[in-house]
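Asks: mind folding the following:
(one chain, ligands or ions: 2)
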Amino acid sequence: MPSRVVPSDSFRANPTNHHKFLDLSSVKELPESHAWTSQNNDYPFSGGGAADGSSETVPIVDLNSGNATELIGHACKTWGVFQVVNHGIPNNLLEEIEAAGSSLFSLPMHQKLRAARAADGVSGYGVARISSFFSKRMWSEGFTIVGSPLENARKIWPDDYNKFCQTIEDYEKEMKKLAGRLMWLMLGSLGITKEEEEVKWADPKEESESGSGCAAALQMNSYPACPDPDRAMGLAAHTDSTILTVLHQSNISGLQVLREGGNRWVTVEPHPGALVVHVGDLMHILSNGSYPSVLHRAVVNRTRHRLSVAYLYGPPPGVKISPLSKLVDQYNPPMYRPVTWSEYLGTKAKHFDKALTSVRLCAPRVGFVDTNDHSSVRVG
Ligand SMILES: O=C(O)CCC(=O)C(=O)O
Ligand SMILES: [Fe+2]
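Replies: Ligands and ions are numbered 1, 2, ... in the order given. The predicted structure follows:
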């Protein structure tokens, strides 16, 4: 279990479970409430991967390669996302977490609802957290774990919660190590080392047994097969409010990222054993705008149930995140004001796609493409 949890008040600020639950796996025709049109999203609705005639794909980085730092830095600058292989997470653990997700989401609705996320709660079963910003509903369900999964797992499986909890615990432990390693590779590529006083909070030595004091949450997502996938949206376009996110997707495609320039969605094709890494908004701030936080979404398909598990990695509570001073000089003033994770989550819950702009101190330099200005995304 992560020893510290995500500051929860800000999650509470955005109650999203007010919708009535619909058992998506039993619906034979797409209801109007779930039918999206171009008015619900300003970005090109179709496209993604080979179908659009482009061969451009999200970079895959081998963590064993001698130049992993450079490759990651380049991927972060140009895409804000990459896949990693040879990441050290055992395959059987990836299979186990997927099986844990399957066993949870395939339960009858009444059983999942025993752990429904309360309107003012942080953990549990419910609709996507960003739902309140959209007038149409998404074709997905989720289960959020902040801190121990025990309480909710017990509600769902009163006599049989151990296996689920053990898998979550094992997975989070491994993810924490990997996320820390990835963060240092990302920062290393910007010339930031563990010696820097400013990033001492991220140093594993700062906290004895369980790695750094960084906090995390686990988000399990389920996208049932959909009778009309071209008009449905699994998870609407967003950036993650994290330092970075490590995403495990089942071997069914659905994740798409907006390519720099903002006019093309590219599918992140599942690659055997690979994990997807997103640059989050807080890494964008730390890098003083060098690394864009990737805008992404999940689309659905007609025949197969897709699962994903996102490990949302952030700084310890109370730590102020601001552009690192090594990346700031008279020509590159700090683009953002300092924020804690909790503060930023509160801002995101209020301003959604305008959250980064709302903590911004100065506009990007002339000639610098602001890949993080998503304010043209129409919400709700
Ligand atoms: O299901 C996916 O591929 C994306 C999930 C995601 O973006 C999230 O949980 O933040
Ligand atoms: Fe995401």
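Asks: which residues does the nearest residue to residue 328 once chain neighbours are set aside contact?
Replies: Spatial nearest neighbour of residue 328, chain neighbours left out: residue 334 (5.1 Å); criterion: Cβ to Cβ, 6 or more residues apart in numbering. Every C-beta, even on glycine, is put in place using the N, C-alpha and C of the backbone. In this structure, residue 334 makes contact with 288, 322, 323, 328, 361, 362, judged by Cβ atoms under 8 Å, 6 or more residues apart in numbering.
Asks: could you rerun that using 10 Å?
Replies: 285, 288, 289, 322, 323, 324, 325, 327, 328, 360, 361, 362 (Cβ atoms under 10 Å, 6 or more residues apart in numbering).
Asks: looking at residue 163 now. What's its pLDDT?
Replies: At residue 163, the pLDDT value in this model is 97.
Asks: that one and residue 149 touch, don't they?
Replies: No. The pair residue 163 / residue 149 is not scored as a contact, 11.4 Å apart, by Cβ atoms under 10 Å.
Asks: higher neighbour count, the two?
Replies: residue 149 (26 against 14; other Cβ atoms under 10 Å).
Asks: give the rounded mean pLDDT of stretch 360-375.
Replies: Averaging pLDDT along stretch 360-375 yields 65.
Asks: typed the wrong thing, it's stretch 240-250
Replies: 97.
Asks: just stretch 297-306 next, same as before
Replies: Mean predicted lDDT for stretch 297-306 stands at 96.
Asks: buried ones in that stretch?
Replies: 297, 298, 299, 300, 301, 305, 306 (16 or more other Cβ atoms under 10 Å).
Asks: thinking again about what came up before, can you list residues touching both of residue 163 and residue 149?
Replies: Going by Cβ under 10 Å, 6+ apart, residues that sit against residue 163 and also against residue 149 are residue 100.
Asks: low-confidence ranges, the stretch 201-350 of the chain, go.
Replies: 204-212, 260 (pLDDT under 70).
Asks: how about a cut-off of 50?
Replies: In the predicted model, the stretch 201-350 of the chain carries pLDDT under 50 at residues 208-211.
Asks: ranges for the helices of it?
Replies: Using DSSP state H, counting those that start in this stretch, the helices of the stretch 201-350 of the chain run over 281-286, 341-351.
Asks: is any residue of the longest one near ligand 1?
Replies: No. No part of helix 341-351 sits near ligand 1 under the criterion Cβ under 6 Å from any ligand atom; the closest distance found is 11.9 Å.
Asks: for the contacts of residue 334, which two are the farthest from each other?
Replies: Using Cβ to Cβ, the two most remote members of the contacts of residue 334 are 325 and 360, lying 17.8 Å apart.
Asks: circling back: pick the most buried one from the helices of the stretch 201-350 of the chain.
Replies: For the helices of the stretch 201-350 of the chain, the largest average neighbour count (mean count of other Cβ atoms under 10 Å) is found in helix 281-286, namely a mean of 27.
Asks: tally of neighbours for the closest residue to residue 29 other than its chain neighbours?
Replies: Of all residues beyond its chain neighbours, the one nearest residue 29 is residue 227 (5.6 Å), with distances taken as Cβ to Cβ, 6+ apart. Residue 227: 17 surrounding residues under other Cβ under 10 Å.
Asks: show me what from this protein comes close to ligand 1.
Replies: Counting by Cβ under 6 Å from any ligand atom, the chain sits next to ligand 1 at 219, 221, 235, 240, 247, 249, 254, 255, 296, 298, 308, 310.
Asks: can you do 5 Å?
Replies: 219, 221, 255, 298, 308, 310 (Cβ under 5 Å from any ligand atom).
Asks: longest single helix anywhere in this protein?
Replies: When the chain is parsed with DSSP state H, its longest helix is helix 162-188.
Asks: and residue 265, how many neighbours?
Replies: 21.
Asks: distance check, it against ligand 1.
Replies: 13 Å (Cβ to the nearest ligand atom, to the nearest Å).
Asks: looking at strand pairing, list the partners for that residue.
Replies: residue 258 (DSSP bridges).
Asks: wait, doesn't it sit right on residue 256?
Replies: Yes. Between residue 265 and residue 256 there is a contact at 4.3 Å, judged by Cβ under 10 Å.
Asks: follow-up on the earlier one: who's more crowded, residue 325 and residue 360?
Replies: Neighbours per residue (other Cβ under 10 Å) separate residue 325 from residue 360, with residue 360 holding more: 19 against 13.
Asks: tell me where the stretch 51-200 of the chain has strands.
Replies: Using DSSP state E, counting those that start in this stretch, the strands of the stretch 51-200 of the chain run over 60-62, 81-85, 124-126, 141-145.
Asks: again with the stretch 201-350 of the chain
Replies: Under DSSP E, counting those that start in this stretch, the stretch 201-350 of the chain gives strands at 215-223, 235-238, 244-249, 255-258, 265-267, 275-279, 296-298, 306-314.
Asks: show me what the fifth one is packed up against.
Replies: Judged by 3 or more Cβ pairs under 10 Å, 6 or more residues apart in numbering; DSSP states H and E, strand 265-267 is in contact with strand 255-258, strand 296-298.
Asks: run the chain-centre distance for stretch 151-164.
Replies: 25 Å (Cα atoms, centre = their mean, to the nearest Å).
Asks: what does stretch 31-40 give?
Replies: Worked out by Cα atoms, centre = their mean, stretch 31-40 lies 23 Å from the chain centre.
Asks: compute the first-to-last residue distance for that stretch.
Replies: The straight-line separation of the ends of stretch 31-40 (Cα to Cα, to the nearest Å) is 15 Å.
Asks: quick check: mean pLDDT across that stretch?
Replies: On average, the pLDDT along stretch 31-40 is 86.
Asks: torsion angles phi and psi at the residue nearest to residue 328?
Replies: Main-chain torsions, residue 334, degrees, to the nearest 10: phi -60, psi 130.
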